[in-house]
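A.B. asks: Sequence and predicted model, in that order:
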Amino acid sequence: MTKNLCWLLFIPLLFVAGCKRFMAGASVPVFQPVQISAADVDAAEPVTVSAPDGGFYVAWVNHDANSQSDVMLARFDNEGAANGAPVRVNQQAGVATAWRGDPPSVAVTGSSVYVLWTASVESEGKSGTDLYFSASHDAGKTFAAAVRVNDDKTPGAHGMHSLAVANDGRVYVAWLDERDVAAPKPSQLAGGHHMESNRELFVADSTDGGKTFSANRKVVENACPCCKTALAVAADGTLYVSWRQVLPGDFRHIAVASSSDGAAHFSAPVIVSDDKWVLHGCPVSGPSLSLDANGNLRVVWFAAGEGDAPGLYFAETHDKGRTFSPRTPLMQETVKGTPALATGNNRAVAIWQGSGAQQPETKIRELGGAGAAVSVAANAELPSGAFSKDKLFVAYITKVGEKRSVWLAKVG
């Protein structure tokens, strides 16, 4: 039995025996967290997603000293017990790439698990990243050969991606692309550094479970280059895509567009909130989306606009993205990375990395409620969460020295 498998099989014992702690000002129990990545590996970029059978999956990226990386996936039951050892998603070892602003994207439908990830590419003296889609049809036990999604031939940046699957099985992918973007001029400086050019938002779809993808289609220009995109599909098939738009004057605001024809055409972008945030650079923080039981779209994002304290905000639309409610503050503090949203049992919870007094802190707060934010863990970075029946599981990074590891906490 391998060391990794032994460690994973020990996880359920830790969850059962682990002490329960109630955070100050909250009645939500947070159980003792456990490490789910191997002890001797630098692991980061966790992503958590619910499974239809009540369990959940966590994906993350293992990095080695030679700049080679692998996307890993682990399955857990509804009590947080690991179902076997983690599986490497990319069939060729070491070819994946990821960073704190662009973790893998994961979607689950039935026993099928879909993972979107990037790989470095070099050709004719140029380098970039390609976008790959991997599919498993046995609940994450094995993955078929990856399929490249971007259809351009010259190496360039493809990233800040997102993934969603409709009820009819159609797979949607969105990402930021630089194929038609001019390189920044040497005179373009911000704080002594070259400004990165804005990107263009592209989409593609698949009607055969990801075996093939449509031609890539441009949705919008001047997207903030290092902010993650987001996708969501309503029960009626309406597709929503969101990103951070760069407006004249370097205002950087969250935008949403929708499609009712399978991503063939999109509505004109709508700015969710006039945050009055001017930034001569990229905040590396995009939006997160979820849909309620009535098909209304919810958006959570970070902003630090003029005259306002930095904070996490929430808004929703009841008319398919044509208008949005005034933003509601969830927490007044600086948020690092893209906030996450977890939904289940008619609940929606925002999850984010806040600015703790001494170190980064993972926090949660339910949308639409009067309760205060709950601290899940200290020394906890870039979290993601998913509901498993009535329990919320939150994965995050803990850093000791220069090595990172992925941990899992059960809440409630």
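C.D. replies: Ah, there it is. Numbers count the residues shown, from 1 in each chain.
A.B. asks: alpha carbons only for contacts and neighbour counts from here, please
C.D. replies: Noted.
A.B. asks: Stretch 82-94: which residues count as buried?
C.D. replies: 82-83, 85-91, 94 (16 or more other Cα atoms under 10 Å).
A.B. asks: scratch that, stretch 198-211 is what I was asking about
C.D. replies: 198-206, 209-210.
A.B. asks: Contacts made by it with the rest, please.
C.D. replies: Applying Cα atoms under 8 Å, 6 or more residues apart in numbering, the contact partners of stretch 198-211 are 133-135, 147, 149, 169-178, 180-181, 212-225, 246, 262-263.
A.B. asks: Try it again at 6 Å.
C.D. replies: 170-178, 213-214, 216-225 (Cα atoms under 6 Å, 6 or more residues apart in numbering).
A.B. asks: Checking my notes, D70 in a strand, right?
C.D. replies: Yes: membership of D70 in a strand is supported by DSSP: H, G, I helix; E, B strand; the rest coil.
A.B. asks: Kindly state the pLDDT recorded for it?
C.D. replies: We have a pLDDT of 98 for D70.
A.B. asks: Could you check how far it is from V34?
C.D. replies: 21 Å (Cα to Cα, to the nearest Å).
A.B. asks: V374 now?
C.D. replies: 19 Å.
A.B. asks: got it, and S50?
C.D. replies: 19 Å.
A.B. asks: quick one, which of these two is more surrounded?
C.D. replies: Legend: neighbour count by other Cα atoms under 10 Å for S50 and V34, higher for S50 (27 against 20).
A.B. asks: May I have the residues that are in contact with that one?
C.D. replies: With the criterion set at Cα under 6 Å, 6+ apart, S50 makes contact with 56, 386.
A.B. asks: How many residues are close by W99?
C.D. replies: W99: 11 surrounding residues under other Cα under 10 Å.
A.B. asks: Over to E124?
C.D. replies: 7.
A.B. asks: Give the residue spans of the stretch 51-200 of the chain that score low on pLDDT.
C.D. replies: Counting by pLDDT under 70, the ranges of the stretch 51-200 of the chain that qualify are 183-195.
A.B. asks: if you set the cut-off to 50 instead, what comes out?
C.D. replies: In the predicted model, the stretch 51-200 of the chain carries pLDDT under 50 at residues 186-194.
A.B. asks: need the strands for it, in chain order.
C.D. replies: Per DSSP state E, counting those that start in this stretch, the stretch 51-200 of the chain carries strands over the ranges 56-63, 69-76, 87-88, 96-97, 105-109, 112-123, 126-136, 147-148, 158-165, 171-177, 189-190, 193-194, 199-206.
A.B. asks: Note down every partner strand of the last one and its orientation.
C.D. replies: It stands for strand 199-206. strand 171-177 (antiparallel), strand 217-223 (antiparallel) (DSSP bridges).
A.B. asks: Mind giving me the packing neighbours of the very next helix or strand once past the last one?
C.D. replies: Tracing the chain C-terminally past strand 217-223 and defining elements by DSSP states H and E, one meets strand 230-233 next. In terms of contacts (3 or more Cα pairs under 6 Å, 6 or more residues apart in numbering; DSSP states H and E), strand 230-233 is packed against strand 158-165, strand 239-247.
A.B. asks: quick one, the longest one and strand 217-223 angle?
C.D. replies: This means strand 239-247. If you take axes from the mean of the first three to the mean of the last three Cα atoms, to 10 degrees, strand 239-247 sits at 30 degrees to strand 217-223.
A.B. asks: What is strand 239-247 packed up against?
C.D. replies: strand 217-223, strand 230-233, strand 251-259.
A.B. asks: All good on my end, thank you.
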